[in-house]
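Asks: Here's a sequence, model it:
(chains A and B)
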Number of protein chains: 2
Amino acid sequence: MDKLSVVKIGGNVIEDAEQLAGFLTGFTQMEGAKVLVHGGGKKATLMAEKLGVPVKMIDGRRITDAENLDIITMLYGGKINKNIVAQLQGKNCNAIGLSGADGNAIQAVKRPVKEIDFGFVGDVTGINAPLFQLLLKAYYVPVCCAITHDQNGQLLNTNADTIAASVAKGLSKFFKVSLCYCFEMPGVLKDTDDKGSVIEEITPNSYTKLKTNNVIHSGMIPKIDNCFEALKNGVSEVKIGGPQMISGKTKYTKIILDDE
Amino acid sequence: MDKLSVVKIGGNVIEDAEQLAGFLTGFTQMEGAKVLVHGGGKKATLMAEKLGVPVKMIDGRRITDAENLDIITMLYGGKINKNIVAQLQGKNCNAIGLSGADGNAIQAVKRPVKEIDFGFVGDVTGINAPLFQLLLKAYYVPVCCAITHDQNGQLLNTNADTIAASVAKGLSKFFKVSLCYCFEMPGVLKDTDDKGSVIEEITPNSYTKLKTNNVIHSGMIPKIDNCFEALKNGVSEVKIGGPQMISGKTKYTKIILDDE
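Replies: Just a heads-up that it's a prediction; the model follows:
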(Lines give C-alpha, C1' and ligand atoms only; values in the text may rest on other atoms or scores of the structure.)
Protein backbone atom coordinates (compact mmCIF):
# COMPACT_ATOMS: atom_id res chain seq x y z
CA MET A 1 0.00 0.00 0.00
CA ASP A 2 1.36 3.42 -0.96
CA LYS A 3 1.94 6.04 1.72
CA LEU A 4 -0.06 9.26 1.81
CA SER A 5 0.59 12.29 4.01
CA VAL A 6 -2.37 14.54 4.84
CA VAL A 7 -0.99 17.74 6.31
CA LYS A 8 -3.11 20.47 7.89
CA ILE A 9 -1.72 23.96 8.55
CA GLY A 10 -3.47 26.31 10.89
CA GLY A 11 -4.26 29.97 10.56
CA ASN A 12 -1.27 31.26 12.50
CA VAL A 13 1.21 29.61 10.14
CA ILE A 14 -0.60 31.22 7.20
CA GLU A 15 -0.63 34.71 8.77
CA ASP A 16 3.16 35.01 8.64
CA ALA A 17 4.43 35.13 5.01
CA GLU A 18 7.95 34.03 5.94
CA GLN A 19 6.78 31.13 8.12
CA LEU A 20 4.37 30.05 5.39
CA ALA A 21 7.10 30.10 2.71
CA GLY A 22 9.35 28.00 4.98
CA PHE A 23 6.56 25.54 5.64
CA LEU A 24 5.76 25.24 1.93
CA THR A 25 9.41 24.51 1.11
CA GLY A 26 9.36 21.71 3.71
CA PHE A 27 6.04 20.43 2.36
CA THR A 28 7.44 20.36 -1.20
CA GLN A 29 10.32 18.20 0.02
CA MET A 30 8.04 15.57 1.62
CA GLU A 31 8.27 12.37 -0.37
CA GLY A 32 5.33 10.45 -1.76
CA ALA A 33 1.67 11.30 -2.24
CA LYS A 34 0.41 14.21 -0.16
CA VAL A 35 -2.57 16.45 0.47
CA LEU A 36 -2.47 19.89 2.10
CA VAL A 37 -5.45 21.29 4.06
CA HIS A 38 -5.38 24.89 5.21
CA GLY A 39 -7.42 27.01 7.57
CA GLY A 40 -7.87 30.73 7.17
CA GLY A 41 -6.85 32.34 10.42
CA LYS A 42 -7.86 35.83 11.40
CA LYS A 43 -7.99 37.20 7.87
CA ALA A 44 -11.74 36.63 7.59
CA THR A 45 -12.39 38.70 10.72
CA LEU A 46 -10.13 41.50 9.45
CA MET A 47 -11.84 41.49 6.04
CA ALA A 48 -15.30 41.53 7.66
CA GLU A 49 -14.21 44.62 9.63
CA LYS A 50 -12.89 46.33 6.49
CA LEU A 51 -16.13 45.63 4.61
CA GLY A 52 -18.28 46.63 7.58
CA VAL A 53 -19.83 43.17 7.81
CA PRO A 54 -20.73 42.36 11.43
CA VAL A 55 -19.23 39.13 12.79
CA LYS A 56 -22.04 37.42 14.65
CA MET A 57 -21.25 35.37 17.73
CA ILE A 58 -23.64 33.38 19.94
CA ASP A 59 -22.24 32.03 23.23
CA GLY A 60 -18.72 32.72 21.96
CA ARG A 61 -19.27 30.71 18.79
CA ARG A 62 -19.08 32.27 15.37
CA ILE A 63 -22.16 32.28 13.15
CA THR A 64 -21.66 32.12 9.37
CA ASP A 65 -24.32 34.23 7.68
CA ALA A 66 -24.43 34.75 3.89
CA GLU A 67 -22.15 37.81 3.98
CA ASN A 68 -19.55 36.09 6.15
CA LEU A 69 -19.71 32.99 3.93
CA ASP A 70 -18.92 35.25 0.94
CA ILE A 71 -15.87 36.61 2.78
CA ILE A 72 -14.72 33.09 3.67
CA THR A 73 -15.18 31.96 0.07
CA MET A 74 -13.18 34.95 -1.21
CA LEU A 75 -10.36 34.48 1.28
CA TYR A 76 -10.07 30.74 1.88
CA GLY A 77 -11.18 29.56 -1.57
CA GLY A 78 -9.66 32.52 -3.43
CA LYS A 79 -6.79 34.51 -2.04
CA ILE A 80 -5.24 32.04 0.41
CA ASN A 81 -5.80 28.86 -1.62
CA LYS A 82 -4.62 30.29 -4.95
CA ASN A 83 -1.56 31.95 -3.44
CA ILE A 84 -0.53 28.72 -1.67
CA VAL A 85 -1.05 26.81 -4.93
CA ALA A 86 0.97 29.37 -6.94
CA GLN A 87 3.79 29.31 -4.36
CA LEU A 88 3.89 25.50 -4.40
CA GLN A 89 3.95 25.54 -8.21
CA GLY A 90 6.89 27.94 -7.97
CA LYS A 91 8.66 25.29 -5.87
CA ASN A 92 7.97 22.55 -8.48
CA CYS A 93 5.16 20.96 -6.49
CA ASN A 94 2.20 20.29 -8.80
CA ALA A 95 -0.48 21.63 -6.45
CA ILE A 96 -4.15 21.84 -7.38
CA GLY A 97 -6.56 23.81 -5.20
CA LEU A 98 -9.89 22.33 -4.20
CA SER A 99 -12.88 23.52 -2.27
CA GLY A 100 -15.29 20.77 -1.29
CA ALA A 101 -17.49 21.76 -4.25
CA ASP A 102 -14.71 21.24 -6.80
CA GLY A 103 -15.23 17.83 -8.34
CA ASN A 104 -17.60 17.17 -5.42
CA ALA A 105 -14.41 16.65 -3.38
CA ILE A 106 -15.96 17.03 0.10
CA GLN A 107 -19.65 16.70 0.79
CA ALA A 108 -21.43 18.08 3.83
CA VAL A 109 -24.82 18.89 5.30
CA LYS A 110 -25.73 22.28 6.71
CA ARG A 111 -25.48 21.85 10.46
CA PRO A 112 -28.98 21.17 11.85
CA VAL A 113 -30.35 23.94 14.05
CA LYS A 114 -30.55 22.89 17.71
CA GLU A 115 -29.87 25.47 20.44
CA ILE A 116 -27.80 27.56 18.02
CA ASP A 117 -28.29 28.24 14.30
CA PHE A 118 -24.70 28.30 13.09
CA GLY A 119 -25.77 29.44 9.62
CA PHE A 120 -23.87 28.19 6.57
CA VAL A 121 -21.67 25.73 8.44
CA GLY A 122 -21.13 22.24 7.07
CA ASP A 123 -20.77 18.90 8.83
CA VAL A 124 -18.77 16.60 6.54
CA THR A 125 -20.64 13.53 5.27
CA GLY A 126 -18.10 12.11 2.82
CA ILE A 127 -15.32 12.67 0.33
CA ASN A 128 -15.00 11.86 -3.37
CA ALA A 129 -12.17 9.33 -2.97
CA PRO A 130 -11.96 8.58 -6.75
CA LEU A 131 -11.18 12.27 -7.44
CA PHE A 132 -8.33 12.29 -4.90
CA GLN A 133 -7.06 8.96 -6.30
CA LEU A 134 -7.19 10.27 -9.88
CA LEU A 135 -5.17 13.35 -8.96
CA LEU A 136 -2.70 11.61 -6.62
CA LYS A 137 -1.95 8.83 -9.13
CA ALA A 138 -1.13 11.52 -11.70
CA TYR A 139 1.24 13.15 -9.16
CA TYR A 140 -0.92 16.18 -8.43
CA VAL A 141 -1.00 17.53 -4.87
CA PRO A 142 -4.52 18.52 -3.75
CA VAL A 143 -4.63 21.68 -1.62
CA CYS A 144 -7.97 21.83 0.21
CA CYS A 145 -9.49 24.92 1.76
CA ALA A 146 -11.98 24.77 4.61
CA ILE A 147 -15.11 24.99 2.45
CA THR A 148 -17.52 22.17 1.62
CA HIS A 149 -20.86 22.05 -0.21
CA ASP A 150 -24.27 20.44 0.23
CA GLN A 151 -24.40 19.04 -3.36
CA ASN A 152 -27.39 21.29 -3.89
CA GLY A 153 -25.65 24.54 -4.82
CA GLN A 154 -24.77 25.78 -1.33
CA LEU A 155 -21.19 26.33 -0.14
CA LEU A 156 -20.59 25.70 3.58
CA ASN A 157 -17.91 26.93 6.00
CA THR A 158 -16.23 23.89 7.57
CA ASN A 159 -13.60 23.28 10.23
CA ALA A 160 -10.22 22.61 8.60
CA ASP A 161 -9.21 20.01 11.23
CA THR A 162 -12.35 18.04 10.39
CA ILE A 163 -11.65 18.30 6.66
CA ALA A 164 -8.12 16.95 7.16
CA ALA A 165 -9.43 14.05 9.27
CA SER A 166 -12.18 13.30 6.74
CA VAL A 167 -9.75 13.22 3.82
CA ALA A 168 -7.35 11.03 5.83
CA LYS A 169 -10.10 8.59 6.86
CA GLY A 170 -11.69 8.53 3.40
CA LEU A 171 -8.41 7.62 1.71
CA SER A 172 -7.23 5.09 4.33
CA LYS A 173 -8.69 2.20 2.30
CA PHE A 174 -6.34 3.03 -0.56
CA PHE A 175 -3.25 4.42 1.18
CA LYS A 176 -1.28 4.02 4.42
CA VAL A 177 -2.22 7.48 5.72
CA SER A 178 -0.19 9.72 8.02
CA LEU A 179 -2.21 12.69 9.31
CA CYS A 180 -0.14 15.69 10.48
CA TYR A 181 -1.63 18.69 12.27
CA CYS A 182 0.81 21.62 12.07
CA PHE A 183 0.12 24.62 14.27
CA GLU A 184 2.05 27.41 15.99
CA MET A 185 3.24 25.22 18.89
CA PRO A 186 5.82 22.41 18.59
CA GLY A 187 3.24 19.90 19.87
CA VAL A 188 0.87 19.35 22.77
CA LEU A 189 2.68 20.92 25.73
CA LYS A 190 2.79 19.89 29.41
CA ASP A 191 3.32 23.56 30.21
CA THR A 192 2.02 26.07 27.64
CA ASP A 193 4.73 28.54 28.70
CA ASP A 194 7.51 26.04 27.96
CA LYS A 195 7.88 25.11 24.29
CA GLY A 196 10.34 22.39 25.31
CA SER A 197 7.66 20.49 27.26
CA VAL A 198 6.27 18.60 24.24
CA ILE A 199 4.31 15.48 25.23
CA GLU A 200 5.76 12.94 22.81
CA GLU A 201 2.99 10.35 23.01
CA ILE A 202 -0.67 10.52 23.94
CA THR A 203 -2.60 7.26 24.41
CA PRO A 204 -6.28 6.93 25.43
CA ASN A 205 -5.20 6.33 29.05
CA SER A 206 -2.74 9.21 29.22
CA TYR A 207 -5.28 11.44 27.45
CA THR A 208 -7.81 10.79 30.23
CA LYS A 209 -5.21 11.71 32.86
CA LEU A 210 -4.06 14.83 30.97
CA LYS A 211 -7.66 16.01 30.79
CA THR A 212 -8.27 15.26 34.49
CA ASN A 213 -5.14 17.23 35.44
CA ASN A 214 -6.28 20.09 33.18
CA VAL A 215 -3.07 19.86 31.10
CA ILE A 216 -5.25 19.37 28.01
CA HIS A 217 -8.34 21.55 27.95
CA SER A 218 -10.63 23.79 25.88
CA GLY A 219 -9.77 23.96 22.15
CA MET A 220 -7.26 21.12 22.32
CA ILE A 221 -9.91 18.57 23.32
CA PRO A 222 -11.90 18.45 20.05
CA LYS A 223 -8.56 18.45 18.19
CA ILE A 224 -7.34 15.34 19.99
CA ASP A 225 -10.77 13.68 19.88
CA ASN A 226 -10.53 14.13 16.09
CA CYS A 227 -7.11 12.41 16.13
CA PHE A 228 -8.33 9.35 18.03
CA GLU A 229 -11.37 9.10 15.81
CA ALA A 230 -9.11 9.15 12.72
CA LEU A 231 -6.97 6.33 14.15
CA LYS A 232 -10.11 4.28 14.89
CA ASN A 233 -11.15 4.77 11.26
CA GLY A 234 -8.13 3.40 9.47
CA VAL A 235 -5.60 6.26 9.61
CA SER A 236 -2.17 4.76 10.38
CA GLU A 237 -0.51 7.63 12.19
CA VAL A 238 -1.52 10.99 13.68
CA LYS A 239 0.93 13.72 14.70
CA ILE A 240 0.53 17.21 16.16
CA GLY A 241 3.42 19.64 15.94
CA GLY A 242 4.95 22.80 14.58
CA PRO A 243 5.42 23.55 10.88
CA GLN A 244 8.95 22.09 11.00
CA MET A 245 7.51 18.70 12.05
CA ILE A 246 7.07 17.62 8.41
CA SER A 247 10.84 17.79 7.88
CA GLY A 248 11.18 15.22 10.69
CA LYS A 249 13.76 17.34 12.50
CA THR A 250 11.78 18.42 15.55
CA LYS A 251 9.90 16.78 18.42
CA TYR A 252 6.14 16.43 18.03
CA THR A 253 3.21 14.77 19.74
CA LYS A 254 2.17 11.37 18.42
CA ILE A 255 -1.36 10.21 19.13
CA ILE A 256 -1.52 6.43 19.47
CA LEU A 257 -4.40 4.03 20.09
CA ASP A 258 -2.61 1.31 22.01
CA ASP A 259 -2.03 1.55 25.74
CA GLU A 260 0.89 -0.77 26.14
CA MET B 1 -12.18 12.38 -32.36
CA ASP B 2 -14.44 13.32 -29.44
CA LYS B 3 -16.18 16.67 -29.39
CA LEU B 4 -15.33 19.32 -26.82
CA SER B 5 -17.19 22.56 -26.16
CA VAL B 6 -15.26 25.45 -24.64
CA VAL B 7 -17.78 28.04 -23.47
CA LYS B 8 -16.87 31.50 -22.22
CA ILE B 9 -19.37 33.64 -20.32
CA GLY B 10 -18.82 37.33 -19.87
CA GLY B 11 -19.17 39.54 -16.86
CA ASN B 12 -22.66 40.80 -17.65
CA VAL B 13 -24.13 37.28 -17.65
CA ILE B 14 -22.53 36.67 -14.25
CA GLU B 15 -23.82 39.94 -12.74
CA ASP B 16 -27.46 38.84 -12.97
CA ALA B 17 -28.14 35.86 -10.66
CA GLU B 18 -31.24 34.76 -12.59
CA GLN B 19 -29.54 34.99 -16.00
CA LEU B 20 -26.54 33.09 -14.61
CA ALA B 21 -28.72 30.30 -13.19
CA GLY B 22 -30.52 29.99 -16.55
CA PHE B 23 -27.22 29.86 -18.40
CA LEU B 24 -25.83 27.21 -16.03
CA THR B 25 -28.91 25.03 -16.56
CA GLY B 26 -28.37 25.26 -20.33
CA PHE B 27 -24.66 24.54 -19.88
CA THR B 28 -25.43 21.45 -17.78
CA GLN B 29 -27.63 20.14 -20.59
CA MET B 30 -24.91 20.44 -23.26
CA GLU B 31 -23.81 16.97 -24.31
CA GLY B 32 -20.25 15.73 -24.36
CA ALA B 33 -17.02 17.04 -22.88
CA LYS B 34 -17.05 20.72 -21.96
CA VAL B 35 -15.05 23.48 -20.29
CA LEU B 36 -16.46 26.72 -18.89
CA VAL B 37 -14.40 29.92 -18.74
CA HIS B 38 -15.77 32.91 -16.87
CA GLY B 39 -14.89 36.57 -16.60
CA GLY B 40 -15.54 38.66 -13.56
CA GLY B 41 -17.50 41.70 -14.68
CA LYS B 42 -17.78 44.83 -12.63
CA LYS B 43 -17.58 43.11 -9.25
CA ALA B 44 -13.84 43.75 -8.94
CA THR B 45 -14.35 47.50 -9.41
CA LEU B 46 -17.16 47.54 -6.84
CA MET B 47 -15.06 45.59 -4.32
CA ALA B 48 -12.08 47.89 -4.88
CA GLU B 49 -14.37 50.85 -4.09
CA LYS B 50 -15.68 49.15 -0.93
CA LEU B 51 -12.15 48.39 0.27
CA GLY B 52 -10.89 51.86 -0.65
CA VAL B 53 -8.38 50.43 -3.13
CA PRO B 54 -7.81 52.87 -6.02
CA VAL B 55 -8.39 51.44 -9.49
CA LYS B 56 -5.47 52.68 -11.57
CA MET B 57 -5.99 53.45 -15.23
CA ILE B 58 -3.45 54.61 -17.82
CA ASP B 59 -4.80 55.76 -21.20
CA GLY B 60 -8.14 54.14 -20.35
CA ARG B 61 -6.52 50.78 -19.63
CA ARG B 62 -6.70 49.14 -16.25
CA ILE B 63 -3.49 48.49 -14.31
CA THR B 64 -3.37 45.47 -12.00
CA ASP B 65 -1.30 46.36 -8.94
CA ALA B 66 -0.81 43.93 -6.02
CA GLU B 67 -3.93 45.11 -4.16
CA ASN B 68 -6.13 44.85 -7.24
CA LEU B 69 -4.70 41.40 -8.01
CA ASP B 70 -5.71 40.33 -4.48
CA ILE B 71 -9.26 41.54 -5.15
CA ILE B 72 -9.37 39.70 -8.49
CA THR B 73 -8.05 36.52 -6.84
CA MET B 74 -10.68 36.76 -4.09
CA LEU B 75 -13.53 37.41 -6.50
CA TYR B 76 -12.72 35.49 -9.69
CA GLY B 77 -10.82 32.61 -8.09
CA GLY B 78 -12.90 32.54 -4.90
CA LYS B 79 -16.43 33.86 -4.78
CA ILE B 80 -17.44 33.67 -8.46
CA ASN B 81 -15.61 30.46 -9.35
CA LYS B 82 -16.69 28.51 -6.25
CA ASN B 83 -20.30 29.65 -6.49
CA ILE B 84 -20.51 28.67 -10.18
CA VAL B 85 -18.95 25.29 -9.34
CA ALA B 86 -21.37 24.72 -6.43
CA GLN B 87 -24.36 25.69 -8.58
CA LEU B 88 -23.26 23.32 -11.36
CA GLN B 89 -22.75 20.54 -8.80
CA GLY B 90 -26.33 21.22 -7.63
CA LYS B 91 -27.45 20.63 -11.22
CA ASN B 92 -25.58 17.28 -11.41
CA CYS B 93 -22.72 18.66 -13.47
CA ASN B 94 -19.39 17.50 -12.01
CA ALA B 95 -17.66 20.87 -12.20
CA ILE B 96 -14.13 21.48 -10.90
CA GLY B 97 -12.81 25.04 -10.56
CA LEU B 98 -9.36 25.92 -11.84
CA SER B 99 -7.20 29.01 -11.82
CA GLY B 100 -4.22 28.81 -14.12
CA ALA B 101 -2.03 27.95 -11.12
CA ASP B 102 -4.12 24.89 -10.18
CA GLY B 103 -2.34 21.85 -11.59
CA ASN B 104 -0.33 24.34 -13.68
CA ALA B 105 -3.46 24.52 -15.88
CA ILE B 106 -2.62 27.77 -17.69
CA GLN B 107 0.85 29.25 -17.86
CA ALA B 108 1.63 32.87 -18.63
CA VAL B 109 4.35 35.51 -18.53
CA LYS B 110 3.92 38.86 -16.84
CA ARG B 111 3.28 41.30 -19.68
CA PRO B 112 6.57 42.99 -20.62
CA VAL B 113 6.66 46.71 -19.86
CA LYS B 114 6.64 48.82 -23.03
CA GLU B 115 4.81 52.17 -23.06
CA ILE B 116 2.58 51.00 -20.21
CA ASP B 117 3.36 48.84 -17.16
CA PHE B 118 0.15 46.84 -16.83
CA GLY B 119 1.29 45.35 -13.53
CA PHE B 120 0.34 41.76 -12.69
CA VAL B 121 -1.21 40.95 -16.06
CA GLY B 122 -0.44 37.67 -17.78
CA ASP B 123 0.03 36.81 -21.45
CA VAL B 124 -0.78 33.13 -21.90
CA THR B 125 2.13 30.93 -23.03
CA GLY B 126 0.56 27.48 -22.81
CA ILE B 127 -1.87 25.12 -21.14
CA ASN B 128 -1.39 21.81 -19.31
CA ALA B 129 -3.29 19.67 -21.84
CA PRO B 130 -2.72 16.40 -19.90
CA LEU B 131 -4.52 17.88 -16.86
CA PHE B 132 -7.55 18.85 -18.95
CA GLN B 133 -7.51 15.42 -20.64
CA LEU B 134 -7.27 13.62 -17.28
CA LEU B 135 -10.27 15.52 -15.93
CA LEU B 136 -12.37 15.41 -19.11
CA LYS B 137 -11.85 11.66 -19.58
CA ALA B 138 -13.09 11.13 -16.02
CA TYR B 139 -16.19 13.24 -16.88
CA TYR B 140 -15.23 16.27 -14.82
CA VAL B 141 -16.10 19.72 -16.18
CA PRO B 142 -13.27 22.25 -15.70
CA VAL B 143 -14.47 25.75 -14.78
CA CYS B 144 -11.65 28.24 -15.41
CA CYS B 145 -11.42 31.72 -13.96
CA ALA B 146 -9.43 34.50 -15.60
CA ILE B 147 -6.27 34.04 -13.56
CA THR B 148 -2.99 32.50 -14.72
CA HIS B 149 0.44 32.13 -13.10
CA ASP B 150 4.08 32.56 -14.10
CA GLN B 151 5.15 29.12 -12.70
CA ASN B 152 7.34 31.04 -10.27
CA GLY B 153 4.80 31.77 -7.52
CA GLN B 154 3.09 34.79 -9.07
CA LEU B 155 -0.62 34.87 -9.98
CA LEU B 156 -1.52 37.03 -13.00
CA ASN B 157 -4.75 38.69 -14.10
CA THR B 158 -5.59 37.49 -17.61
CA ASN B 159 -8.26 38.23 -20.20
CA ALA B 160 -10.98 35.56 -20.08
CA ASP B 161 -11.48 35.59 -23.90
CA THR B 162 -7.79 34.79 -24.32
CA ILE B 163 -8.00 31.98 -21.75
CA ALA B 164 -10.95 30.43 -23.58
CA ALA B 165 -9.11 30.65 -26.93
CA SER B 166 -5.92 29.20 -25.38
CA VAL B 167 -7.77 26.24 -23.86
CA ALA B 168 -9.62 25.65 -27.16
CA LYS B 169 -6.42 25.78 -29.22
CA GLY B 170 -4.42 23.71 -26.74
CA LEU B 171 -6.97 20.91 -26.75
CA SER B 172 -7.64 20.92 -30.51
CA LYS B 173 -5.08 18.14 -31.08
CA PHE B 174 -7.14 15.81 -28.89
CA PHE B 175 -10.73 16.94 -29.46
CA LYS B 176 -12.91 18.46 -32.20
CA VAL B 177 -13.31 21.78 -30.41
CA SER B 178 -16.23 24.18 -30.60
CA LEU B 179 -15.47 27.56 -28.98
CA CYS B 180 -18.52 29.57 -27.87
CA TYR B 181 -18.33 33.17 -26.65
CA CYS B 182 -21.51 34.01 -24.73
CA PHE B 183 -22.12 37.65 -23.90
CA GLU B 184 -25.04 39.98 -23.25
CA MET B 185 -25.89 40.42 -26.97
CA PRO B 186 -27.39 37.70 -29.20
CA GLY B 187 -24.35 37.92 -31.50
CA VAL B 188 -22.40 40.46 -33.51
CA LEU B 189 -25.03 43.01 -34.57
CA LYS B 190 -25.32 45.05 -37.79
CA ASP B 191 -27.11 47.68 -35.72
CA THR B 192 -26.30 47.70 -31.99
CA ASP B 193 -29.78 49.11 -31.28
CA ASP B 194 -31.49 46.18 -33.01
CA LYS B 195 -31.01 42.83 -31.31
CA GLY B 196 -32.61 41.18 -34.34
CA SER B 197 -29.78 42.30 -36.62
CA VAL B 198 -27.44 39.39 -35.81
CA ILE B 199 -24.76 38.85 -38.48
CA GLU B 200 -24.96 35.09 -38.92
CA GLU B 201 -21.58 34.55 -40.56
CA ILE B 202 -18.32 36.48 -40.54
CA THR B 203 -15.54 35.47 -42.95
CA PRO B 204 -12.15 37.18 -43.32
CA ASN B 205 -13.49 39.14 -46.34
CA SER B 206 -16.73 40.21 -44.71
CA TYR B 207 -14.80 41.08 -41.53
CA THR B 208 -12.63 43.52 -43.47
CA LYS B 209 -15.74 45.16 -44.93
CA LEU B 210 -17.53 45.31 -41.58
CA LYS B 211 -14.51 47.04 -40.04
CA THR B 212 -14.22 49.47 -42.97
CA ASN B 213 -17.91 50.37 -42.61
CA ASN B 214 -17.42 50.79 -38.84
CA VAL B 215 -20.07 48.13 -38.11
CA ILE B 216 -17.43 46.27 -36.12
CA HIS B 217 -15.20 48.51 -34.00
CA SER B 218 -13.45 49.06 -30.65
CA GLY B 219 -13.77 46.14 -28.17
CA MET B 220 -15.27 43.78 -30.71
CA ILE B 221 -12.12 43.81 -32.88
CA PRO B 222 -9.73 41.96 -30.50
CA LYS B 223 -12.61 39.55 -29.74
CA ILE B 224 -13.03 38.60 -33.42
CA ASP B 225 -9.27 38.60 -34.05
CA ASN B 226 -9.10 36.01 -31.22
CA CYS B 227 -11.76 33.93 -33.01
CA PHE B 228 -9.92 33.85 -36.35
CA GLU B 229 -6.66 33.04 -34.60
CA ALA B 230 -8.36 30.09 -32.83
CA LEU B 231 -9.67 28.77 -36.16
CA LYS B 232 -6.20 29.04 -37.71
CA ASN B 233 -4.84 27.02 -34.78
CA GLY B 234 -7.00 23.94 -35.02
CA VAL B 235 -10.29 24.97 -33.40
CA SER B 236 -13.14 23.55 -35.50
CA GLU B 237 -15.87 26.07 -34.84
CA VAL B 238 -16.20 29.52 -33.23
CA LYS B 239 -19.51 31.13 -32.30
CA ILE B 240 -20.45 34.43 -30.65
CA GLY B 241 -23.91 34.85 -29.13
CA GLY B 242 -26.14 35.26 -26.11
CA PRO B 243 -26.25 32.86 -23.19
CA GLN B 244 -29.13 30.98 -24.85
CA MET B 245 -26.87 30.12 -27.81
CA ILE B 246 -25.60 26.97 -26.10
CA SER B 247 -29.11 25.49 -26.17
CA GLY B 248 -29.04 25.89 -29.97
CA LYS B 249 -32.37 27.65 -30.00
CA THR B 250 -31.28 31.18 -30.94
CA LYS B 251 -29.42 32.86 -33.79
CA TYR B 252 -25.74 33.56 -33.26
CA THR B 253 -22.70 34.73 -35.18
CA LYS B 254 -20.47 32.05 -36.65
CA ILE B 255 -16.89 32.98 -37.46
CA ILE B 256 -15.59 31.01 -40.44
CA LEU B 257 -12.23 30.93 -42.17
CA ASP B 258 -13.34 30.11 -45.71
CA ASP B 259 -14.48 32.80 -48.07
CA GLU B 260 -16.57 30.72 -50.45
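
Asks: What are the boundaries of the helices in the stretch 51-200 of chain A?
Replies: A:66-72, A:81-90, A:129-137, A:160-170 (DSSP state H, counting those that start in this stretch).

Asks: Does anything pack onto the second one? Which helices or strands?
Replies: It refers to helix A:81-90. Contact analysis of helix A:81-90 by 3 or more CB pairs under 8 Å, 6 or more residues apart in numbering or on different chains; DSSP states H and E lists helix A:17-29, strand A:33-38, strand A:95-98, strand A:141-145, strand B:147-149, strand B:155-157 as its packing neighbours. Using the backbone N, CA and C atoms, a C-beta is placed for each residue, glycine as well.

Asks: and the longest one with chain B, contact?
Replies: Think helix A:17-29. No. Residues of helix A:17-29 are not located near chain B by CB under 8 Å from any CB of the partner chain, the shortest gap being 9.1 Å.

Asks: For A:D150, grab the count of nearby residues.
Replies: 20 (other CB atoms under 10 Å in any protein chain shown).

Asks: next one: A:N92
Replies: 9.

Asks: give the contact list for it.
Replies: When contacts are counted by CB atoms under 8 Å, 6 or more residues apart in numbering or on different chains, A:N92 touches A:T28.

Asks: same question, A:K50
Replies: B:L51.

Asks: what helix or strand does it sit in?
Replies: helix A:43-51 (DSSP states H and E).

Asks: Identify the residue nearest the residue in the stretch 51-200 of chain A positioned nearest to chain B in space, chain neighbours excluded?
Replies: Proximity of the stretch 51-200 of chain A to chain B (CB to the nearest CB) peaks at A:G78, 2.1 Å away. The shortest distance from A:G78 to any non-neighbouring residue, by CB to CB, 6 or more residues apart in numbering or on different chains, is to B:G78 (2.1 Å).

Asks: ditto for A:T125
Replies: Leaving aside its chain neighbours, A:T125 sits nearest to A:Q107 (5.0 Å; criterion: CB to CB, 6+ apart).

Asks: before we move on, what about A:L98?
Replies: A:A105 (4.7 Å).

Asks: what about chain A, any weak spots by pLDDT?
Replies: Residues of chain A that meet the criterion pLDDT under 70 lie in A:259-260.

Asks: I'd say A:T253 and A:I240 touch.
Replies: Yes. Counting by CB atoms under 8 Å, A:T253 touches A:I240, with 4.5 Å between them.

Asks: more crowded one of those two?
Replies: A:I240 (26 against 22).

Asks: Next, give phi and psi for the more buried one.
Replies: A:I240 has phi and psi values of phi -130, psi 130 when expressed as degrees, to the nearest 10.

Asks: Tell me the residues on the stretch 1-150 of chain A that lie near chain B, please.
Replies: A:50-51, A:70, A:73-79, A:81-83, A:85-87, A:89-91, A:94-99, A:101-104, A:130-131, A:134-135, A:138, A:140, A:147, A:149.

Asks: if we can go back for a sec, please work out which of the helices and strands packed on helix A:81-90 is packed deepest.
Replies: Among these, the stretch with the highest mean neighbour count (mean count of other CB atoms under 10 Å in any protein chain shown) is strand B:147-149, at a mean of 30.

Asks: so what secondary structure elements neighbour it?
Replies: Under the contact rule (3+ CB pairs under 8 Å, 6+ apart), strand B:147-149 is packed against helix A:81-90, strand B:106-110, strand B:122-127, strand B:155-157.

Asks: Against which helices or strands is the last one packed?
Replies: Same thing as strand B:155-157. helix A:81-90, helix B:66-72, strand B:147-149.

Asks: Among those, single out whichever gets nearest to A:D225.
Replies: helix A:81-90 (26.7 Å; CB to CB).

Asks: Run the angle between the closest one and helix B:81-90 for me.
Replies: Computed with axes from the mean of the first three to the mean of the last three CA atoms, to 10 degrees, the direction of helix A:81-90 lies at 100 degrees from that of helix B:81-90.

Asks: Contacts for helix A:81-90, please.
Replies: Contacts for helix A:81-90 (CB under 8 Å, 6+ apart): A:14, A:20-21, A:24, A:27-28, A:36, A:38, A:94-97, A:99, A:141, A:143, A:145, B:73, B:77-78, B:99, B:101-102, B:104, B:147, B:149, B:151-155.

Asks: Could you rerun that using 7 Å?
Replies: For helix A:81-90, contacts defined as CB atoms under 7 Å, 6 or more residues apart in numbering or on different chains pick out A:21, A:24, A:28, A:38, A:95-97, A:141, A:143, A:145, B:73, B:77, B:99, B:101-102, B:104, B:147, B:149, B:151-155.

Asks: Please apply the same query to stretch A:156-170.
Replies: By CB under 7 Å, 6+ apart, stretch A:156-170 touches A:6, A:8, A:35, A:37-39, A:64, A:69, A:72, A:100, A:106, A:108, A:110, A:120-122, A:124, A:126-127, A:129, A:144, A:146-150, A:177, A:179, A:181, A:223, A:226, A:229-230, A:233-235.

Asks: Spell out for me the PyMOL command that would select the buried members of those.
Replies: Command for PyMOL, covering only those of those found buried under the criterion 16 or more other CB atoms under 10 Å in any protein chain shown:
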select buried, chain A and resi 6+8+35+37+38+39+64+69+72+100+106+108+110+120+121+122+124+127+129+144+146+147+148+149+150+177+179+181+223+226+230+235
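
Asks: any chance of the helices and strands packed on strand B:147-149 in TSV, plus distance to A:S172?
Replies: Shown next, in TSV, are these (distance: least, CB to CB, whole Å):
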stretch	distance to A:S172
helix A:81-90	24
strand B:106-110	34
strand B:122-127	34
strand B:155-157	34
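
Asks: out of the ones you listed, which comes closest to B:K56?
Replies: strand B:155-157 (12.5 Å).

Asks: Distance from the closest one to the middle of the chain?
Replies: 15 Å (CA atoms, centre = their mean, to the nearest Å).

Asks: Same question for stretch A:115-133.
Replies: 13 Å.

Asks: Show me the contact partners of it.
Replies: With CB under 7 Å, 6+ apart, stretch A:115-133 has contacts from A:58-59, A:61, A:63-66, A:69, A:103-111, A:142, A:148, A:150, A:154, A:156-158, A:162-163, A:166-167, A:170-171, A:174.
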